[in-house]
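# Fold the stuff below for me.
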Amino acid sequence: MTPTTLLWLVTGCLMLQPLSTDLYLASLPGMATDFAVSPAAVQATLSLFVFGFGSAQLISGPLSDRFGRRPVLMGGLSVYLLASFACALAPALDWLIVVRFVQAIGCCTAVVVARAIIRDAYSPAEGARVLAKASSLLALAPILGPILGGYLQVAFGWRAAFVALALAGLTVWVAALRFLKESNSQPNPHAMRLSSLVRTYGDVLRSPAFWAYALPGSISYASIFVFISGTPFVLIRVLGVPTQYYGYLFAIGVCGYLGGTLICRRLIGKIGVDRVLALGTTVGLFGGLGFLLLVLAGVSHWTLVVAAQFVVMTAHGINFPCTQSGSLAPFPDKAGAAAGLFGCLVMYAALAAGTLVGGSHDGTLLPLASISAVVGLVLFASARLLARYGKTS
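Modelled structure (predicted):
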């Protein structure tokens, strides 16, 4: 594979995750009405996806260490494709929640393998730059996805969003079948043994260098998941934004993420991964605290929500390439397992944030702003407290 081919394949795999969470966001209020359930109930389709995505990575990572990246990736993409069609045909909310969980298993496999392939092919610093490039391209999914989803909801209803996800999965499946070459040159025949799994994950979890990046990375993702799970109801139901316009407002925030990845790419070669991460967590702190202070001052307008989301997503665009690469750097022979554990922590942090946001909805901006501020503060503190264990070149 050429570097360009590898970049596009990795981007396609990574893109399935934001598409799966963001494309149908504009449909959440409509789904709550169609199924006659509360916002918290319909948000279970998002929360269970996140839980499945996080949990399955503990297995899919070691699977790729044992059997190679290519066969595991093809299997995961097949599961994702079939589950997406099943979501579109779901007759009830309970059925949709179950097949969303299955869809998450296939999606997480694609993401874990993509991260492991980068670790196979590049050094930690170069891997961070490649992931930043992929993240810049990846931003197209959360920018365009909610816009498309809003129009699909208005024109066809919520099922059309899952048909679109199935078509996206099919595209990546065909590309991987055609172009992907095996990058795991030394498969570990013992990677799936229980004793080996326990030992491998124990080694990763005991590494302070892993936590120096995995914990800030997880909290950084939680900071944007606060907006992913909360803004559909805040903007559409509380502030009265028309459904078809929600995607455009969400896309403005995601442009911040794109800008953050560009900042990351430009600065990593100049000041290093750790100082870039320090910058990003500082930006995230200002975004969350500023949001809360303005809400407490009585500001209640969609522009405030979008502006806060823009700043927090800018911070995440700076942070996430650094934390993905840095958390895998100490484990060249356990990249799949380390990538799986990192992804699991990221998704569990997002699940906690989404559950908290869904349960706190009271028809005002205050719960969303308060949670955003707390997450931003914890992110800033975690990066500073663990900084001495990092030092990735």
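
# so what's Gln103 up against?
Gln103 makes contacts with 20, 49, 52, 79-80, 83-84, 86-87, 165, as judged by C-beta atoms under 8 Å, 6 or more residues apart in numbering. Where you see a C-beta, it was placed from the backbone N, CA and C, and this is true even at glycine.

# Repeat that for Leu28.
Contacts of Leu28 (C-beta under 8 Å, 6+ apart): 39, 42-43, 45-46, 232-233.

# Next, Leu137: secondary structure please.
Put simply, Leu137 is helix when judged by DSSP: H, G, I helix; E, B strand; the rest coil.

# sorry, back to before: for the contacts of Gln103, which one is nearest Leu365?
Of all these, Leu365 sits closest to Phe49, with 25.4 Å by C-beta to C-beta.

# ok so, going back, in TSV: the contacts of Leu28, plus neighbour count, pLDDT and secondary structure.
TSV is the format used below for the contacts of Leu28 (neighbours: other C-beta atoms under 10 Å; pLDDT from 0 to 100; DSSP: H, G, I helix; E, B strand; the rest coil):
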residue	neighbour count	pLDDT	secondary structure
Pro39	19	76	helix
Val42	25	85	helix
Gln43	24	80	coil
Thr45	25	89	helix
Leu46	25	85	helix
Pro232	27	87	helix
Phe233	23	85	helix
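
# For those, which two are the farthest from each other?
Thr45 and Phe233 (13.7 Å).

# between the contacts of Gln103, which has the most around it?
The most crowded member of these, judged by other C-beta atoms under 10 Å, is Ser20 (30 neighbours).

# which one is that one nearest to, not counting chain neighbours?
Cys107 (5.5 Å; C-beta to C-beta, 6 or more residues apart in numbering).

# count of residues packed around that neighbour?
For Cys107, using other C-beta under 10 Å, the count is 29.

# and it, what does it touch?
16-17, 20, 49, 53, 76, 80.

# Please repeat the previous calculation with a cut-off of 7 Å.
Neighbouring residues of Cys107 by C-beta atoms under 7 Å, 6 or more residues apart in numbering: 16-17, 20, 53, 80.

# Could you report the pLDDT at it?
We have a pLDDT of 93 for Cys107.

# in what helix or strand does it lie?
Taking DSSP states H and E as the definition, one finds Cys107 inside helix 93-121.

# Tell me the buried residues in stretch 158-175?
Judged by neighbour count (16 or more other C-beta atoms under 10 Å), stretch 158-175 contains these buried residues: 158-166, 168-169, 172-173, 175.
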